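> fold the stuff below for me.
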Amino acid sequence: MNVYDSERMAELMDTEGYEQTDDMSDADMVVLNTCHIREKAAEKVYSELGRVRKNKEKRSGQGKDTIIAVAGCVAQAEGEEIIRRAPIVDLVVGPQSYQNLPKLLNEFKTSKKPVIETEFPEEDKFGKLPGITASSPCSFVTVQEGCDKFCTFCVVPYTRGGEFSRGAKQIIDDANRLVEQGVRELTLLGQNVNAYHGEGLNGKDWSLARLLDELSKIDGIERLRYTTSHPRDMEDDLIELHRDNPKVMPYLHLPFQSGSDKILKDMNRRHTRDFYIELVDRIRDAQPELALSTDIIVGFPGETDKDFQDTMDLVETIGYASAYSFKYSPRPGTPAAEIEEQIAEDVMKERLAILQKRLSGQQKFFNESKVGSQMTVLLEKIGKKEGQLIGRSPYLQSVHIETDHAKIGDMVDVTIKSATSTSLQAVINSSS
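I've put the predicted structure just below:
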């Protein structure tokens, strides 16, 4: 989502006569787009602002002005605190207001005083953004934002607001525009993407499955993905779409967060471990080739050794192609941060190491299971080696290929020759 937002902000600034640079010493404006989901991510903002301050001072000595903006969820959560801790910041803009960046920039240039905008505007921000552009054959499109679930550990409802779904026409227009620019794979984004319920072309609410099915009809779109899903919103029509529509990739990111029913209740996840297991069974019955990934938190307040073992048991029961795992990070303003039974750092660190070792083993096993198989890969970027291109498998694995004739944007049939825990190595089939 932050990658998508960063691209949209860059497009906005293009309309103001700015262009992007890879060298910060050339930048008349620096925008830090931020994440507030964990404490480490938030603190990194202030560390980075120290580096930006030095650049601003150096440019000032050369007679050059530098405008500094902080955008995203840290901006939304901390607002004036950012200006207090980092007086070099000129603009603070939340993720629901960045469409106003040019207006805010002009306000600052006029007043020469810091400008803060962190309100949740009533208007649809997407209608005020310029036409979406692509920099790769794979592109993101936001279809849903915000969350109404209020998990006790999560800041998203407070930084992104309640659930909002874009209309299908807007999304289809974006998709057609991207296809014209060479995009062949779309990933639909949302904090709870499978809670999508936007207005359809027929004036009625569409589900995510209905939207995906319509997008699959666009000539030029070869692959469709979506993330991130909540188990409670995984409806039958979406499961059936994985079975029936070959353009919907056999990959699903489905966080469970904890394998303990007690911890799940304390997290306000609104599902049990048995519900999750049964759901995965239904999905795999519909699409046996499905690769599953997840999010897991260890060390949630009150987590006992047994609770942690319940998580490990669930990991064994399901088996994952990949996973993101983290130590619990208390976020100010969330209910979980107020729970007295916070887990010691050394205990969380030990549990995370145990979990990640097992998850790494599962990922390596999944990758090695593909050795000798044939699959279609969409080539996305140039690799580090001479003649190397890197693409993604249908299961979202990174695939490295050495070729002297294929190019970025090609879809090639390959045979997987070897695997590591993080990637696959393949050769292009002679007929491809």
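> which residues of the stretch 201-350 of the chain fall in strands?
Taking DSSP state E, counting those that start in this stretch, the strands of the stretch 201-350 of the chain run over residues 223-227, 251-253, 291-298, 322-327.
> closest to Val92 out of these?
For the strands of the stretch 201-350 of the chain, proximity to Val92 was assessed by C-beta to C-beta; strand 322-327 is nearest, at 26.4 Å. Using the backbone N, CA and C atoms, a C-beta is placed for each residue, glycine as well.
> what's the average pLDDT for the closest one?
Strand 322-327 shows a mean pLDDT of 97.
> what's it in contact with?
With C-beta atoms under 8 Å, 6 or more residues apart in numbering as the test, strand 322-327 has contacts from 38, 291, 293-299, 315, 345, 348-349, 352, 355-356, 359, 362-363, 366, 396.
> if we use 6 Å, what do you get?
Ser293, Thr294, Asp295, Ile296, Ile297, Gly299, Met348, Leu352, Leu355, Gln356, Leu359, Gln363 (C-beta atoms under 6 Å, 6 or more residues apart in numbering).
> show me where this structure has its helices.
Per DSSP state H, the chain carries helices over the ranges 2-14, 39-61, 73-78, 80-85, 101-111, 156-159, 168-180, 208-215, 236-244, 261-267, 273-286, 305-318, 345-368.
> what is the shortest one packed up against?
What it means is helix 156-159. helix 73-78 (3 or more C-beta pairs under 6 Å, 6 or more residues apart in numbering; DSSP states H and E).
> only C-alpha atoms, please: export the helix it packs on in CSV.
Taking Å, rounded to 0.1, in the frame of the first residue of the first chain, the C-alpha atoms of helix 73-78 are listed here in CSV:
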residue,chain,number,x,y,z
CYS,A,73,0.7,6.6,8.9
VAL,A,74,3.4,8.1,11.2
ALA,A,75,2.3,11.5,9.9
GLN,A,76,-1.3,10.6,10.7
ALA,A,77,-0.6,9.2,14.1
GLU,A,78,1.9,11.8,15.4
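> that helix: how far from the chain's middle?
On the basis of C-alpha atoms, centre = their mean, to the nearest Å, helix 73-78 sits 18 Å off its chain's mean C-alpha point.
> surely Glu163 meets Asp148?
Yes: with contact defined as C-beta atoms under 6 Å, Glu163 reaches Asp148; the gap is 4.8 Å.
> thinking again about what came up before, mean neighbour count and distance to Asn192 added to the helices of the chain, as JSON lines?
Shown next, in JSON lines, are those (neighbours: other C-beta atoms under 10 Å; distance: least, C-beta to C-beta, whole Å):
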{"stretch": "helix 2-14", "mean neighbour count": "17", "distance to Asn192": "16"}
{"stretch": "helix 39-61", "mean neighbour count": "14", "distance to Asn192": "20"}
{"stretch": "helix 73-78", "mean neighbour count": "24", "distance to Asn192": "16"}
{"stretch": "helix 80-85", "mean neighbour count": "14", "distance to Asn192": "27"}
{"stretch": "helix 101-111", "mean neighbour count": "15", "distance to Asn192": "26"}
{"stretch": "helix 156-159", "mean neighbour count": "21", "distance to Asn192": "9"}
{"stretch": "helix 168-180", "mean neighbour count": "18", "distance to Asn192": "16"}
{"stretch": "helix 208-215", "mean neighbour count": "22", "distance to Asn192": "10"}
{"stretch": "helix 236-244", "mean neighbour count": "17", "distance to Asn192": "13"}
{"stretch": "helix 261-267", "mean neighbour count": "20", "distance to Asn192": "15"}
{"stretch": "helix 273-286", "mean neighbour count": "16", "distance to Asn192": "15"}
{"stretch": "helix 305-318", "mean neighbour count": "17", "distance to Asn192": "20"}
{"stretch": "helix 345-368", "mean neighbour count": "16", "distance to Asn192": "23"}
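> closest to Asp26 out of these?
Checking the helices of the chain against Asp26 by C-beta to C-beta gives helix 39-61 as the closest, at 9.2 Å.
> could you give the angle of that closest one to helix 2-14?
Per axes from the mean of the first three to the mean of the last three C-alpha atoms, to 10 degrees, the angle that helix 39-61 makes with helix 2-14 is 20 degrees.
> can you list contacts of helix 39-61?
By C-beta under 6 Å, 6+ apart, helix 39-61 touches Met24, Val30, Thr34, Cys35, His36, Thr66, Ile68, Val74, Ala86, Ile88, Ser329.
> before we move on, the earlier item: can you redo the helices of the chain as CSV with distance to Ser430 and mean pLDDT?
Shown next, in CSV, are these (distance: least, C-beta to C-beta, whole Å; pLDDT from 0 to 100):
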stretch, distance to Ser430, mean pLDDT
helix 2-14, 36, 92
helix 39-61, 46, 91
helix 73-78, 49, 92
helix 80-85, 57, 93
helix 101-111, 50, 94
helix 156-159, 48, 91
helix 168-180, 29, 97
helix 208-215, 33, 98
helix 236-244, 31, 98
helix 261-267, 51, 98
helix 273-286, 34, 98
helix 305-318, 38, 98
helix 345-368, 24, 98
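> picking up where we left off before, in TSV: the contacts of strand 322-327, plus distance to Glu222.
Formatted as TSV, the contacts of strand 322-327 follow (distance: C-beta to C-beta, whole Å):
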residue	distance to Glu222
Ser293	21
Thr294	26
Asp295	28
Ile296	32
Ile297	35
Gly299	41
Met348	42
Leu352	37
Leu355	35
Gln356	34
Leu359	30
Gln363	25
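> between those residues, which is nearest Ser6?
Of all the contacts of strand 322-327, Ser6 sits closest to Asp295, with 21.7 Å by C-beta to C-beta.
> contact partners for the closest one?
Pro255, Tyr324.
> I'd like to know how far it sits from Asn202.
35 Å (C-beta to C-beta, to the nearest Å).
> try Pro121
28 Å.
> low-confidence ranges, the stretch 101-250 of the chain, go.
122 (pLDDT under 70).
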